[in-house]
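Student: I'll drop the sequence and a predicted model, then ask my questions.
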Amino acid sequence: MWGTAIVVDEWTVNEVDDPTMAGALISGMKQACREAQKKHPLRLMAAMYKCVVQTNAQALGKVHTVLSQRRAKILNEDMNQSNGLFVVEAHLPVIESFSFCEQLRKKTSGLSSGQLEFSHWEIIDEDPFWEPTTEDEVELYGVKGDAINRARVYMDAVRKRKGLLTDELIVINAEKQRTLKRNR
């Protein structure tokens, strides 16, 4: 709830102590906060790692390939004069960092090593629940939206990992799931 203010205009204290009223107040406030949040487009906060990769000149291009596949933003690239290794610094989303070091070692044949350290939180500037509604948006993006909604992908990945429900269909073609034999 970043940048949200809740203002209570009036408050009265009832002398009769009713325990059911406290539960109703809490659930009512919770519902009001949810509805207030849905009034404007939602944004997700993504945790970001500061990624430092040391590599030699032969594997530098492959390091950049791995970082760009993981949606990293390269901040700095320097050469260490004492040992001849390149040091690449980047910001990498935490959600994209799973098995990052394994892929980095595999692509560069062990010639590079990465170090990840938490850096900051960053707002993903996409609404995870956005779908085209106007005729112009449907014409431009299609019915489901042609462009990949990165915020939606991140949200669904986290929900799947936690065992929560997503909008993904489990059964795609039901005809393949049942037998077509007729019972006589």
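Tutor: Sure thing, it's come through.
Student: When you work out contacts or count neighbours from here on, use the C-alpha atoms and nothing else.
Tutor: OK.
Student: Would you mind measuring from residue 152 to residue 5?
Tutor: Residue 152 sits 26 Å away from residue 5 when distances are taken as Cα to Cα, to the nearest Å.
Student: Name the residues of the helix or strand hosting residue 65 that are buried.
Tutor: Element membership for residue 65, per DSSP states H and E: helix 60-69. Along helix 60-69, these residues count as buried under the neighbour rule (16 or more other Cα atoms under 10 Å): 60, 62-64, 66-67.
Student: so is the spatially most central residue of the chain in a helix, a strand, or just coil?
Tutor: Centroid-nearest residue in the chain: residue 154, 2.9 Å away (criterion: Cα atoms, centre = their mean). Following DSSP: H, G, I helix; E, B strand; the rest coil, residue 154 is assigned to helix.
Student: now it, nearest residue through space, not along the chain?
Tutor: residue 95 (6.9 Å; Cα to Cα, 6 or more residues apart in numbering).
Student: That neighbour falls within a strand, correct?
Tutor: No: according to three-state DSSP, residue 95 belongs to no strand; its state is helix.
Student: roughly how far apart are it and residue 102?
Tutor: When distance is defined by Cα to Cα, residue 95 is 15 Å away from residue 102.
Student: Over to residue 159?
Tutor: In this structure, residue 159 lies at 24 Å from residue 102, with Cα to Cα as the measure.
Student: all strands of this structure, in order?
Tutor: Taking DSSP state E, the strands of the chain run over residues 44-55, 73-79, 86-93, 112-124.
Student: Contacts for the helix holding residue 65 next, please.
Tutor: For helix 60-69, contacts defined as Cα atoms under 8 Å, 6 or more residues apart in numbering pick out 53, 55, 73, 86, 92, 103-104, 107-108, 112.
Student: ok, the residues you listed vs residue 80, which is closest?
Tutor: Nearest to residue 80 out of those is residue 86 (Cα to Cα; 6.0 Å).
Student: For the closest residue to the closest one other than its chain neighbours, which residues are in contact?
Tutor: Using Cα to Cα, 6+ apart and skipping residues adjacent in sequence, the residue nearest residue 86 is residue 79, 4.3 Å away. In this structure, residue 79 makes contact with 85-87, judged by Cα under 8 Å, 6+ apart.
Student: Including neighbour count and pLDDT, could these go into JSON lines?
Tutor: Conversion of the contacts of residue 79 to JSON lines gives the following (neighbours: other Cα atoms under 10 Å; pLDDT from 0 to 100):
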{"residue": "85", "neighbour count": "17", "pLDDT": "89"}
{"residue": "86", "neighbour count": "19", "pLDDT": "92"}
{"residue": "87", "neighbour count": "19", "pLDDT": "93"}
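Student: From those residues, pick the one nearest residue 135.
Tutor: Checking the contacts of residue 79 one by one against residue 135 (Cα to Cα), the nearest turns out to be residue 87, at 48.8 Å.
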